[in-house]
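Asks: sequence first, then the predicted structure, then my questions.
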Amino acid sequence: MEDRTKKWTDKQEQNQLCQAEEGSAATPIKVFKKRWAILAIYVLYSAANSFQWMEYSIIANVVMRFYKVSPAQVDWTSIIYMLIYPIIVVPVSYFIEKKGLRFAALCGGIGTAVAALVKVFSIHESLFWVVILGQGIGSTAQVFVMCLPSKIATVWFKPSEVSTACALAVFGTQLGFALGFVVPSTIVRNHESLNQIGCDLKLLCLVLTIYMVPVVLGIIFFFPSCPRLPPSQIQLEERRRNPSSLSFSKYLGFFLNLFKNRGFVFHTIAYGINIGVFAAIGTLLNQFILEYFPNSEEDAGRIGLIMVISGMIGSLIFGFFLDKTHKYKETTVFIYFAAVISIVVSMFSLTSYSKVFVYLSFATVGVFTNAYMPVGFEFAVEITYPADESTTIGILNAMTQATGVLVTIFLGKFNSHFGAFWFLASQAFLLAIGAVITTYVPNKKRRQEAMRGFEINELELLKTKK
């Protein structure tokens, strides 16, 4: 009985501290070790979600045979992830700000698990619609997943760790992409027998479902809305603001107000182009690798894996660099122009018919498109502060998904008619436009300025007390 009372009291205390009011000026600042466990849980379920994004498109030729569908229909297993996001991002971002991290984690984690479970029952040539249903559930859960990297970083981590923590959070999405490129092509083989293909597909879905069971339990029992005490002065101010009382109409006003920030609008367009290009290349990678290297499904998966792994390494390096230097715009511009060059190199690597050259060139594509994700998140949060992180990231991702849909649908047809070389040339052209747009984004560091202001106030307060 005493244990229950203590747990109830601790929960009450945490809820009060998560919504600290103006009078709680004496609330101490503290960073908890539990932040790493929270980050690890997020990485695990975000990886499972992004894994499902590429799960079918990377084995498109096998899926087409089993379900007797067209390449365009298989593309929709990925496109749906990009289509649903911009449609529901506004209400989802509102509920995340109002309800907090725990609510978002439960929706994202449980939705990801349900998506995997539904597809276990899709193993029949007439049940491709069940595959699409599962992908629809997963893509809805994805909106709750992808809004969180910067929010987790700021709610749980101290200021000197925020960019690195954001990069580590994005690591989960990138890890899922990496596994999504290589695991399906390893498990699901292009057998002569359709029954054997069906068994492989069922195994793929079962493995993911079983994996998600302990992850969901981890969210339910170990993932609170916020730490008991704030990790920074900025978070203390956020708690005093009490977002749980925010009405939807007021939130919508804040949301629309972000579009009056010219720098953020430019950055959103540029961000959408960069990550949209990466998503389109990932979706169509199987098709244009097979164009130059027939019967190389596993090579397509491995190339996708290397793209994402190199991007994960780049993310961590650039995240650490940002924490040390705070050179957000300079880093963003550098990554963007390097991405243009890497795409051009990949075009000519395909025409060389050298697999080694193709592997190396697409590794650089991964570094400078995939690694752009956490850098772009952090730059956006800097130029929009004090806007809520989940709202800012929600808008960025909405632009990304909308761009990805357009690029994948229209340039997918472009690829069918003109081939992979000119498809990649079109991507290089789009990235060049994005790179130029990025140079016009003002180099504002509002969050850094706010942190310095809090530090100065703290010093003055200490001097007054002395």
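Replies: All right, it came through fine. Residues are numbered from 1 along each chain as shown.
Asks: only C-alpha atoms for contact and neighbour calcs from this point on.
Replies: Noted.
Asks: pLDDT weak spots in this protein?
Replies: By pLDDT under 70, the weakly predicted segments of the chain are 1-27, 241-246, 283, 297, 404-405, 407-419, 444-466.
Asks: next, count neighbours for Pro214.
Replies: Residues lying near Pro214 (other Cα atoms under 10 Å) number 10.
Asks: ok, now Val170?
Replies: Neighbourhood size, Val170 [other Cα under 10 Å]: 27.
Asks: ok, it - contacts?
Replies: By Cα atoms under 8 Å, 6 or more residues apart in numbering, Val170 lies in contact with Val43, Pro149, Met373, Pro374.
Asks: can you give me the buried ones in whichever strand or helix holds Ser315?
Replies: Take DSSP states H and E as the rule and Ser315 turns out to sit in helix 297-325. By neighbour count on 16 or more other Cα atoms under 10 Å, the buried set for helix 297-325 is 297-316, 318-323.
Asks: packing partners for whichever strand or helix holds Met373?
Replies: Using DSSP H and E, Met373 maps to helix 372-384. Applying 3 or more Cα pairs under 8 Å, 6 or more residues apart in numbering; DSSP states H and E, we find helix 372-384 packed against helix 149-156, helix 162-187, helix 262-292, helix 297-325, helix 328-351, helix 389-418, helix 446-465.
Asks: do you know how far the closest residue in space to Ile303 that isn't next to it in sequence is from Tyr353?
Replies: Distances taken as Cα to Cα, 6 or more residues apart in numbering place Tyr359 nearest to Ile303, at 5.8 Å, with adjacent residues excluded. Going from Tyr359 to Tyr353 by Cα to Cα, to the nearest Å gives 11 Å.
Asks: out of these two, which sits in the more crowded spot?
Replies: Shown here are Tyr359 and Tyr353; by other Cα under 10 Å, Tyr359 has more neighbours (21 against 12).
Asks: re the thing from before, which phi and psi does the residue nearest to Ile303 have?
Replies: phi -60, psi -50 (degrees, to the nearest 10).
Asks: please apply the same query to Leu148.
Replies: Main-chain dihedrals, Leu148, degrees, to the nearest 10: phi -100, psi -20.
Asks: quick one on the thing from earlier: what sits up against the helix holding Met373?
Replies: With contact meaning Cα under 8 Å, 6+ apart, helix 372-384 is reached by 150, 163, 166-167, 170, 258, 261, 263-264, 267, 271, 274-275, 315, 318-319, 322, 328-329, 331-332, 335-336, 387, 389, 392-393, 396, 443-448.
Asks: could you do stretch 249-258 as well?
Replies: Defining contact as Cα under 8 Å, 6+ apart, one finds that stretch 249-258 is touched by Val90, Tyr94, Phe264, Thr384, Ala387, Thr391.
Asks: so for that stretch, what gets flagged as buried?
Replies: Within stretch 249-258, the residues that count as buried by 16+ other Cα under 10 Å are Tyr251, Phe255, Leu258.
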